[in-house]
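Novice: Predicted coordinates and the sequence they were generated for:
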Amino acid sequence: MIDSLRGAEAVKIAFPILSDNVLTKIVYDMNHRGFGVATDCIDPGNLASLRSFIENKVADNGGEYIGFSGLEARGTFLDNLSSSPEFIRACKVIYEKGTGKAAPRVPFYQVLRCTSGKAGQKHAFIFHYDSYVVTALVPVVIPSEGRCGHLIMLPNTRAIRENYFRNLIDKVLLDNTLTQVLLRKFTASGRLQATKVRMIPGNVYFFWGCRSIHANELCDPDKIRATAIFHYVDSHASSWLRCTLRGKNMQYKY
């Protein structure tokens, strides 16, 4: 049960306490099939309020794609989730079990992506690595028919890059027109076996974002696909090289 009962009223919590066995299984699945799932852990009422927020924002934007990063979605359920001790602990334990290192005391980097309209289709099939070790993906609105924008990934294609220069080389090799066209062609034809994740609202999906090449498929323009992403632990946050490149206004979003 996600709800703790007090008298006749249910107090909705942001995230349940996951046992050590459950977290171990999630890490095992992340390592062996690419992603792990915490099932039925987001309360339907919390999802409904966030869904209303999204629908209103998309409507205000003319039915087109809109995204929020950091605290731009302040005042929604995502605030509660990002500060939930249970959710923070789950991500911390997953990081530690997966890397064998103590998790640093760092906040999440949070993104809410609302794909809709023709502009939303421009955000599909953009294959990339995340800058963060653990990615927790919370589906909020997923179409039930047609093109649903499923998550696709080539899981765990590299080790965690401790050195930022090696990470930069990987990113440059991936983030170019030729590589992107080939990945789209080969994953669509089945010549490259990608893992497809059909997400269900209420679940939370965990994967090694900095190790896995991933993107979302197309979503029909008359539908909304919305996901909240919580990134955890940037391995290169203190990199001198990265800070120097960004300080020179170079367009590296890594």
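Specialist: Here it is on my side, so go on.

Novice: Please enumerate the helices of the stretch 1-150 of the chain.
Specialist: 20-32, 44-60, 77-82, 85-99, 117-121 (DSSP state H, counting those that start in this stretch).

Novice: which other residues reach the last one?
Specialist: Among residues not part of helix 117-121, those counted as contacts by Cβ atoms under 8 Å, 6 or more residues apart in numbering are Gly62, Gly63, Glu64, Tyr65, Cys114, Leu218, Cys219, Pro221, Arg225. For every residue, glycine as well, the C-beta is placed using N, CA and C.

Novice: Same list (the helices of the stretch 1-150 of the chain) but as CSV, adding mean pLDDT, distance to Phe207 and mean neighbour count.
Specialist: Listed next are the helices of the stretch 1-150 of the chain as CSV, based on pLDDT from 0 to 100; distance: least, Cβ to Cβ, whole Å; neighbours: other Cβ atoms under 10 Å:
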stretch, mean pLDDT, distance to Phe207, mean neighbour count
helix 20-32, 98, 6, 16
helix 44-60, 95, 21, 16
helix 77-82, 93, 18, 20
helix 85-99, 98, 10, 19
helix 117-121, 87, 22, 18
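
Novice: Show me where the chain dips below the pLDDT cut-off.
Specialist: 1-11, 246-254 (pLDDT under 70).

Novice: what about the strands in it?
Specialist: 3-6, 9-12, 36-38, 66-69, 109-115, 132-141, 151-154, 195-197, 204-208, 213-216, 225-234 (DSSP state E).

Novice: which helices and strands sit right next to the fourth one?
Specialist: Applying 3 or more Cβ pairs under 8 Å, 6 or more residues apart in numbering; DSSP states H and E, one finds that strand 66-69 makes contact with strand 109-115.

Novice: could the contacts of helix 117-121 go into TSV alongside distance to Glu145 and neighbour count?
Specialist: Putting those into TSV (distance: Cβ to Cβ, whole Å; neighbours: other Cβ atoms under 10 Å) gives the following:
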residue	distance to Glu145	neighbour count
Gly62	24	10
Gly63	19	16
Glu64	21	14
Tyr65	20	21
Cys114	19	25
Leu218	14	17
Cys219	11	26
Pro221	14	16
Arg225	12	28
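
Novice: Can you tell me which of these is nearest Val27?
Specialist: Nearest to Val27 among those, counting by Cβ to Cβ, is Arg225 at 27.2 Å.

Novice: ok so, going back, tell me which of the helices of the stretch 1-150 of the chain lies nearest to Thr157.
Specialist: helix 20-32 (13.1 Å).

Novice: Can you check what angle separates the closest one from strand 204-208?
Specialist: 50 degrees (axes from the mean of the first three to the mean of the last three Cα atoms, to 10 degrees).

Novice: And helix 20-32, how far out from the chain middle?
Specialist: 17 Å (Cα atoms, centre = their mean, to the nearest Å).

Novice: which residues touch it?
Specialist: 18, 35-38, 90, 93-94, 97-98, 156, 206-208.

Novice: Quick check: the farthest pair among those?
Specialist: Within the contacts of helix 20-32, two members stand farthest from each other by Cβ to Cβ: Leu18 and Asn156, at 21.9 Å.

Novice: ok, the two, which is more surrounded?
Specialist: Taking neighbours as other Cβ atoms under 10 Å, Leu18 and Asn156 compare with Leu18 leading, 20 against 16.

Novice: And that one, how close does it get to Ala228?
Specialist: Separation of Leu18 from Ala228 (Cβ to Cβ, to the nearest Å): 18 Å.

Novice: Most tightly packed of the strands of the chain?
Specialist: strand 204-208 (a mean of 26; mean count of other Cβ atoms under 10 Å).

Novice: Dump stretch 157-169 to CSV, keeping only the CA atoms.
Specialist: Extracted C-alpha coordinates of stretch 157-169, given in CSV (Å, rounded to 0.1, in the frame of the first residue of the first chain):
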residue,chain,number,x,y,z
THR,A,157,27.5,0.1,-23.9
ARG,A,158,30.4,1.7,-21.9
ALA,A,159,31.8,1.8,-18.4
ILE,A,160,31.4,4.9,-16.3
ARG,A,161,33.9,7.4,-17.6
GLU,A,162,35.9,8.7,-14.6
ASN,A,163,37.9,10.9,-17.0
TYR,A,164,36.0,13.8,-18.5
PHE,A,165,38.1,13.8,-21.7
ARG,A,166,37.2,10.2,-22.5
ASN,A,167,33.6,11.0,-21.8
LEU,A,168,33.8,14.0,-24.2
ILE,A,169,35.2,11.8,-27.0
